[in-house]
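Peer 1: Predicted model, plus sequence, below.
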Number of protein chains: 2
Amino acid sequence: MPTIKDVANLAGLSVATVSRAMNGTGYVSEKAREKIHQAINELNYSPNEVARSLYQKKSKLIGLLLPDISNPFFPLVAKGVEDFLQKKGYQVILGNIQEDNEKANEYLRAFEQNNVAGILSAVENKNRTQSNIPTVVLDRIDQDVEYGVYSDDLQGGELAAEAILKGDPKKVVVIAGPESVTRARDRLLSVEYTLKKAQVPYALVKSTSFLLEDATLTAKQVFLEHPTVDSVIAPSDTHAIAIMQEAYHHGVKIPEQLQVIGYDDIPISKLVVPRLTTIHQPAYQVGYKGAEMLFALINDQFIEQKKIILPVHLEERETVRNGGTPIE
Amino acid sequence: MPTIKDVANLAGLSVATVSRAMNGTGYVSEKAREKIHQAINELNYSPNEVARSLYQKKSKLIGLLLPDISNPFFPLVAKGVEDFLQKKGYQVILGNIQEDNEKANEYLRAFEQNNVAGILSAVENKNRTQSNIPTVVLDRIDQDVEYGVYSDDLQGGELAAEAILKGDPKKVVVIAGPESVTRARDRLLSVEYTLKKAQVPYALVKSTSFLLEDATLTAKQVFLEHPTVDSVIAPSDTHAIAIMQEAYHHGVKIPEQLQVIGYDDIPISKLVVPRLTTIHQPAYQVGYKGAEMLFALINDQFIEQKKIILPVHLEERETVRNGGTPIE
């Protein structure tokens, strides 16, 4: 592969002159520029991405901030992101913060230092708007987000509550997602609204995170505090599967004695026994559409819709009584 | 933040000269060097990572090649990689090839163009040795790998077969992992050796990949071809969970009528009902130790052990008869 030195030799100029011409950092005569241009063409010279990034002030790197890569929802988002960006010649720098906001700031600094062209963030972080790097928020949303792609939580909460209502619930427990996650709050709001409208009482159990370990603890708490529970609305499939596990230990039959609905539709939810009824979130599409929007943003293209809300739907499987058919 | 221009102004030199000095691309007098040095100190100037990468010929980026990020095993590997590298100030560029070898080559080119300091590859790819970028292979292994971290497949295959043998098997089906994956072949070899030594006959069913969709098809095939199967040795937890699902549809009780053992110990295997007995692979450790080895390689440190084989162990849970206690 030809180097900048080869270009300089062929052009009969110093490397410094060629470098000046390429970086626009000093005076280079018209004649020299022409020679450099010819040499570049003749040698089919292409500077590597790092040199190009310095030259163009933009790299072909995108920073991707994820809350927890071991939560099966986020690898699907990452897959969508990658599938779009790879087609456009961009690479993804991964930032997995493992639900630790201090790490988010470290990653944002690292993204900046690596001169990323843009950031896709699925992390609730107040600091993200301070940088002037084009940013699209994925999945999570708060008031001050300008560009974002997420799915419809109000619709999702309503669908989940309606499915449970069809199953003649006597003692409903609603597990609330972490309070710090705005989207979990919206979902909860919609669940509560739908239950109240139907005049069905319910108990709330708070969960602290979407981490697997925490979901298991929350499931134990549900059975401890509400031994007569016969219906659970969970904030994630992980929580729902933890509830199924705990029900098994208590000898409680699903869905006959306990119906449970998840949220997300992670791949494994189709494979557990019985198969988990859940709200399908278009995780892959969130990643793909988000990357598409970021690409438009980076390339100063017109963005018709700054916030895209994707629809969700009920996946009727085997953990809700009456098959969980939505109310017509 | 001070720029190279500020350094040049303060030093009373041209940007081209400062750039020459920093990049070592041409003659710069001792006196000029001293002035530049002083100006850099005075301004507390630090070139950004891209500039530094060009200057040092090494970046703080590591390329991570994964076969399939939606297989829950690999996010754990990625987590280990990230946890080590973040402490050292390195960032990870993600390359998820989705079991498509053509993509692996594209990613390797992209890593090279981005001037990565090293590569961690969990992908079986013959081309990887052609580049001179320091590379450590994770999880997968073939003959020509120089540096690698993986877990003990011979031990794992033996432990899986022994657990199944304890459960008094009448009709054993062994699901073979994809033929292209050397480690799956080693595991299979060890399973077959252990069964033959015990003089227990078995049938083989081939699987084409570790993708969820393929695992589901393979599970269907097992029941179709071997309706009297009472023991399954699976090449991954995903395959084992697919078998559990299929057993449920056939009204077959686990472990009474059908015992099944997985491989990997992905997070969800603790949560399925009944809880999956499996071989625990130290996925996080594979990532962490691999990153540690790569860091040593990049920094020309002495590497005591070029191939690290980590031990596995049997996770006794509920899907193997007799609790799957290993033979003493």
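Peer 2: Thanks, I have it.
Peer 1: Every contact and neighbour count from this point should use C-alpha atoms.
Peer 2: OK.
Peer 1: Test my guess that A:Tyr263 contacts A:Pro282.
Peer 2: No: distance between A:Tyr263 and A:Pro282: 11.2 Å, which falls outside the contact criterion (C-alpha atoms under 8 Å).
Peer 1: and A:His249, what does it touch?
Peer 2: Residues near A:His249 by C-alpha atoms under 8 Å, 6 or more residues apart in numbering or on different chains: none.
Peer 1: go on, A:Ile308?
Peer 2: Here A:Ile308 is in contact with A:Gly148, A:Val149, A:Tyr150, A:Ser151 (C-alpha under 8 Å, 6+ apart).
Peer 1: Report whether A:Leu64 is found in a strand, as I expect.
Peer 2: Yes: counting by DSSP: H, G, I helix; E, B strand; the rest coil, A:Leu64 falls inside a strand.
Peer 1: related to what we said a few turns ago, so for A:Tyr263 and A:Pro282, which sits in the more crowded spot?
Peer 2: More crowded of A:Tyr263 and A:Pro282, by other C-alpha atoms under 10 Å in any protein chain shown: A:Tyr263, with 27 against 24.
Peer 1: Shouldn't A:Val173 be within a strand?
Peer 2: Yes: under three-state DSSP, A:Val173 falls within a strand.
Peer 1: sorry, back to before: report the set of residues contacting both of A:Tyr263 and A:Pro282.
Peer 2: By C-alpha under 8 Å, 6+ apart, no residue touches both A:Tyr263 and A:Pro282.
Peer 1: and A:Glu112, that one's in a helix?
Peer 2: Yes: with three-state DSSP as the criterion, A:Glu112 is assigned to a helix.
Peer 1: For it, give me its contacts.
Peer 2: By C-alpha under 8 Å, 6+ apart, the contact list for A:Glu112 reads A:Ile133.
Peer 1: Just the pLDDT for it.
Peer 2: Listed pLDDT for A:Glu112 reads 85.
Peer 1: and if you look at A:Thr325?
Peer 2: For A:Thr325, the predicted pLDDT is 45.
Peer 1: go on, A:Met1?
Peer 2: What the model reports as pLDDT for A:Met1 is 64.
Peer 1: what do you get for A:Glu315?
Peer 2: So A:Glu315 comes in at 97 (pLDDT).
Peer 1: For chain A, which residues score under the pLDDT cut-off?
Peer 2: Judged by pLDDT under 70, chain A has its weakly predicted residues at A:1, A:23-26, A:46-58, A:125-131, A:143, A:323-328.
Peer 1: Please, which helix or strand holds A:Glu124?
Peer 2: Under the criterion DSSP states H and E, no helix or strand holds A:Glu124.
Peer 1: in terms of contact, does it touch A:Asp139 like I think?
Peer 2: No: the pair A:Glu124 and A:Asp139 does not pass the contact test of C-alpha under 8 Å, sitting 9.6 Å apart.
Peer 1: The closest residue to A:Asp153 other than its chain neighbours: neighbour count?
Peer 2: Nearest non-adjacent residue to A:Asp153, counting by C-alpha to C-alpha, 6 or more residues apart in numbering or on different chains: A:Arg187, 4.8 Å away. Residue crowding around A:Arg187 was assessed by other C-alpha under 10 Å; the count is 23.
Peer 1: neighbouring contacts of whichever helix or strand A:Arg187 is part of?
Peer 2: A:Arg187 is part of helix A:182-197, with elements assigned from DSSP H and E. Outside helix A:182-197, the residues that touch it by C-alpha under 8 Å, 6+ apart are A:140-142, A:153-158, A:160-162, A:165, A:176-179, A:201-202, A:235.
Peer 1: From those, which land in strands?
Peer 2: Assignment to strands by DSSP state E places the following of these there: A:Ala176, A:Tyr202.
Peer 1: What subset of the contacts of helix A:182-197 is buried?
Peer 2: Buried positions within the contacts of helix A:182-197, assessed by neighbour count (16 or more other C-alpha atoms under 10 Å in any protein chain shown), are A:140-141, A:153-158, A:160-162, A:165, A:176-178, A:202, A:235.
Peer 1: A:Val81: which element?
Peer 2: Secondary structure from DSSP H and E places A:Val81 in helix A:73-87.
Peer 1: Give the buried residues for that helix.
Peer 2: For helix A:73-87, by 16+ other C-alpha under 10 Å, it's A:73-86.
Peer 1: tell me the domain ranges of chain A?
Peer 2: Chain A breaks down by automatic domain parsing into domains covering A:4-47, A:61-151+A:283-310, A:153-282+A:313-324.
Peer 1: Can you give the distance from the longest one to the centre of its chain?
Peer 2: Taking the mean C-alpha point of domain A:153-282+A:313-324 and that of its whole chain, the gap between them comes to 21 Å (C-alpha atoms, centre = their mean, to the nearest Å).
Peer 1: on that earlier part again, gap between the residue nearest to A:Asp153 and chain B?
Peer 2: Computed as C-alpha to the nearest C-alpha, to the nearest Å, the A:Arg187 to chain B distance reads 24 Å.
Peer 1: Check A:Ser190 too.
Peer 2: A:Ser190 is 28 Å from chain B, where distance means C-alpha to the nearest C-alpha.
Peer 1: do the same with A:Gln259
Peer 2: Per C-alpha to the nearest C-alpha, A:Gln259 is found 15 Å from chain B.
Peer 1: Also A:His239?
Peer 2: To chain B, A:His239 is 10 Å away according to C-alpha to the nearest C-alpha.
Peer 1: Kindly report the same for A:Arg183.
Peer 2: Look at A:Arg183 and chain B: by C-alpha to the nearest C-alpha, they are 23 Å apart.
Peer 1: so who does A:Ala160 touch?
Peer 2: In this structure, A:Ala160 makes contact with A:Val191, A:Ile233, A:Ile261, A:Thr278, A:Ile279, A:Leu314, judged by C-alpha under 8 Å, 6+ apart.
Peer 1: Just the ones of these in strands?
Peer 2: Counting by DSSP E, those contribute A:Ile233, A:Ile261, A:Thr278, A:Ile279, A:Leu314 to strands.
Peer 1: most surrounded residue in the contacts of A:Ala160?
Peer 2: When neighbours are counted by other C-alpha under 10 Å, A:Thr278 leads these with 34 neighbours.
Peer 1: Please name the nearest non-neighbouring residue to that one.
Peer 2: Leaving aside its chain neighbours, A:Thr278 sits nearest to A:Gly262 (4.4 Å; criterion: C-alpha to C-alpha, 6+ apart).
Peer 1: Quick check: the one you found touching A:Pro235?
Peer 2: Yes: in this structure, A:Gly262 is within contact of A:Pro235 by C-alpha under 8 Å, at 6.4 Å.
Peer 1: who in chain A is up against chain B?
Peer 2: Counting by C-alpha under 8 Å from any C-alpha of the partner chain, the residues of chain A close to chain B are A:15-16, A:20, A:25-26, A:48-51, A:53-54, A:69-70, A:72, A:75-76, A:79, A:82, A:91-96, A:110, A:113-115, A:212, A:241-242, A:244-245, A:248, A:267-268, A:271-274.
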